[in-house]
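S.K.: sequence? don't have it. structure:
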């Protein structure tokens, strides 16, 4: 038994994870937040944070190693947790240096490096779109001759759909590859598979999937990122064939990637050509874009809170037990808005359980025991959002500084 409170160091390159922080505090932890100076004025739950430290950047380098090691001289840090996708590798780097339990640098590659996760999945017999490392000229040339376009060129370690380029011809592809210069090895070239995109969000405890829920995007995130439009996602009926197939494939991926404990957000595509599901990517984090709220509306479980419980209980050598789960259905719709503060007061259906309050954004979350009702509301809101709010900006090339 430790003679000190369980101490959790949270890394945050972006403002998120408030529920994780609060849950750790509710469980009696000493919570340390390490974040960037430019995020100092964000509404962090300071009542649940015992100590906060600011740095210009949270890159895994000597400055960060020295700073956290200095903290560890007078504090016993039990767990290091990344609240943002960009902090996953940094947390692994710190764990390795300080020998703190948790995911190490080799395993982290499978959750951050799109090439590593594709190779691992392919080796385990999990279907993935045909791909090639954007490195060797001969292999690239053979790939382009064998695999028909279009292709997508993806940064290996960016988040979501950021930095992805769709390419229609070999000439265009070589031109883009040439423009990357020495950065070319940081990319993977993949066959573009048209179809519906799905996500499966999971809670994992000691290599077992304690909970998983499958959902379908209204439009592929790649299209929303590059063309603009309305972002929609909704949970699948649990008894549906799609949900069953996805959850089984998701378990295979989690096992292949070596996830021991925590949360995952995985994406799959169902090919419009052959009807098969293909694995796209998996992250060791809570799904972004308010997907945590979608899950909580449908099930009563908050992924951030359960992740905190798993980390704290493991540090205390106590078993994790999944709380009771509700089996409702939920749908989320958001978009960029022309108005600084969009007025959603005309949307008054009783199924609305949450409203997005963010500058130049409109968003609603609906929940019901009837999946058809959820779909009907999302379809109606999609048409109304286009008329009432929708704004389109040029696509982002990179996500953050």
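M.R.: It's in. Predicted model only: the values in this text are computed from it and were never measured.

S.K.: Show me the contact partners of stretch 237-252.
M.R.: Residues external to stretch 237-252 that are found in contact with it (Cβ atoms under 8 Å, 6 or more residues apart in numbering): 124, 126, 198, 200, 202, 209, 212-214, 216, 236, 264, 266, 268, 270, 277, 279, 327, 329, 371. Heads up, the C-betas are built off the backbone N, CA and C, glycines and all.

S.K.: Which residues belonging to it are considered buried?
M.R.: 238, 242-243, 245-247, 249-251 (16 or more other Cβ atoms under 10 Å).

S.K.: residues in contact with residue 236?
M.R.: Contact partners of residue 236, counting by Cβ under 8 Å, 6+ apart, are 198, 214-216, 242-243, 246.

S.K.: Roughly how far does it sit from residue 181?
M.R.: 43 Å (Cβ to Cβ, to the nearest Å).

S.K.: I'd like the domain boundaries of this protein, if you could list them.
M.R.: With automatic domain parsing serving as the domain definition, the record reports that the chain contains domains spanning 7-102, 130-191, 195-388.

S.K.: Residue 113: which of those domains is closest?
M.R.: Proximity to residue 113 (Cβ to Cβ) singles out domain 130-191 among the domains of the chain, at 5.0 Å.

S.K.: For residue 117, which of the domains of the chain is the nearest?
M.R.: Taking these one by one with Cβ to Cβ, domain 195-388 is closest: 6.1 Å.

S.K.: Work out the gap between that closest one and the centre of the chain.
M.R.: Distance of domain 195-388 from the chain centroid (Cα atoms, centre = their mean, to the nearest Å) equals 10 Å.

S.K.: low pLDDT regions in this protein?
M.R.: Regions of the chain meeting the criterion pLDDT under 70 cover residues 1-2, 159-162, 222-227, 394-401.

S.K.: On the three-state scheme, the residue sitting nearest the centre point of it is what?
M.R.: Residue closest to the average C-alpha location in the chain (Cα atoms, centre = their mean): residue 287, at 3.8 Å. For residue 287, the reduced secondary structure class is coil; criterion used: DSSP: H, G, I helix; E, B strand; the rest coil.

S.K.: now it: how far from residue 266?
M.R.: In this view, residue 287 and residue 266 are 9 Å apart by Cβ to Cβ.

S.K.: still on that earlier bit, please identify the helix or strand for the closest residue to the residue nearest to the centre of the chain other than its chain neighbours.
M.R.: Distances taken as Cβ to Cβ, 6 or more residues apart in numbering place residue 265 nearest to residue 287, at 3.9 Å, with adjacent residues excluded. Using DSSP states H and E, the secondary-structure element containing residue 265 is strand 262-271.

S.K.: Who are the packing partners of that strand?
M.R.: When contacts are defined as 3 or more Cβ pairs under 8 Å, 6 or more residues apart in numbering; DSSP states H and E, strand 262-271 packs onto strand 195-205, helix 241-257, strand 277-283, helix 303-315.
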